[in-house]
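Q: give me coordinates for this.
(2 chains)
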Amino acid sequence: GESVGLHLPTLSVQEGDNSIINCAYSNSASDYFIWYKQESGKGPQFIIDIRSNMDKRQGQRVTVLLNKTVKHLSLQIAATQPGDSAVYFCAEGGNQGGKLIFGQGTELSVKP
Amino acid sequence: EPEVTQTPSHQVTQMGQEVILRCVPISNHLYFYWYRQILGQKVEFLVSFYNNEISEKSEIFDDQFSVERPDGSNFTLKIRSTKLEDSAMYFCASSTRGGLETQYFGPGTRLLVL
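A: Model prediction:
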């Protein structure tokens, strides 16, 4: 069946370092991908998205890379800060109904 | 900045009771969604809603669940007879359109069924 999974359940980095969070997806028909950040007790917060006709998209301190050949998605966070500590979810979608399929999540811990 | 709001933030109920979770989506959005997240697990899609009808629903969204847009601003999720396994965080989300559009999530309602 469809699934979106993450390679690493936890990631610990030093403040100022760059972080890379990875995600694998299985539905090659998906054409829309989103990264969400979730802090404890809060709802998912939109970070960045990318459509399947793109390989890379940049935001403020974040970059999403999409490799459709191997069905892989990554989120890069530059100069990671303590405020970036959270669980990061990738999600795939694109059908008209709007259903998003979420991955398990990676917990990012930033050490000062 | 506009945001999705949800009430209540916490709800405790007895098994078998009905609960209604409320959401106010972002005002110019046309698509509305409910998701749930069991503690420590991933976010799961329940249902999407557009033009006053369900667009898509998951296997979780059985006959015990229903959604409604009773007026121009609210979007509700009703669970008719709650079960212990319904305990979870329930998130409402909205987007301008379906498909390739960003969904913005509310802060969630934590439901505890005893």
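Q: how long is stretch A:58-77 end to end?
A: 10 Å (CA to CA, to the nearest Å).
Q: so is it next to chain B?
A: No. For a cut-off given as CB under 8 Å from any CB of the partner chain, stretch A:58-77 has no contacts with chain B; the smallest distance is 12.2 Å. To be clear about C-beta, it is placed using only N, CA and C from the backbone, and glycine gets the same treatment.
Q: buried stuff in that stretch?
A: The neighbour-count check on stretch A:58-77 (16 or more other CB atoms under 10 Å in any protein chain shown) flags A:62, A:63, A:64, A:65, A:66, A:71, A:73, A:74, A:75, A:76, A:77 as buried.
Q: now swap in stretch A:83-101 and tell me
A: Within stretch A:83-101, the residues scored as buried using 16+ other CB under 10 Å are A:84-95, A:97-101.
Q: with stretch B:33-51 instead?
A: Across stretch B:33-51, burial judged by 16+ other CB under 10 Å covers B:33-37, B:42-50.
Q: what about that stretch, average pLDDT?
A: The pLDDT scores in stretch B:33-51 average 93.
Q: mind jotting down where the strands sit in chain A?
A: Taking DSSP state E to define them, one finds strands in chain A at A:4-5, A:10-14, A:19-25, A:32-38, A:45-51, A:56-58, A:62-67, A:72-77, A:86-93, A:101-102, A:106-111.
Q: now distance to residue B:86 and mean pLDDT too, for the ones you listed, in JSON lines please.
A: Formatted as JSON lines, these follow (distance: least, CB to CB, whole Å; pLDDT from 0 to 100):
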{"stretch": "strand A:4-5", "distance to residue B:86": "24", "mean pLDDT": "52"}
{"stretch": "strand A:10-14", "distance to residue B:86": "29", "mean pLDDT": "94"}
{"stretch": "strand A:19-25", "distance to residue B:86": "28", "mean pLDDT": "93"}
{"stretch": "strand A:32-38", "distance to residue B:86": "21", "mean pLDDT": "95"}
{"stretch": "strand A:45-51", "distance to residue B:86": "25", "mean pLDDT": "95"}
{"stretch": "strand A:56-58", "distance to residue B:86": "37", "mean pLDDT": "97"}
{"stretch": "strand A:62-67", "distance to residue B:86": "34", "mean pLDDT": "97"}
{"stretch": "strand A:72-77", "distance to residue B:86": "31", "mean pLDDT": "97"}
{"stretch": "strand A:86-93", "distance to residue B:86": "22", "mean pLDDT": "94"}
{"stretch": "strand A:101-102", "distance to residue B:86": "19", "mean pLDDT": "93"}
{"stretch": "strand A:106-111", "distance to residue B:86": "26", "mean pLDDT": "94"}
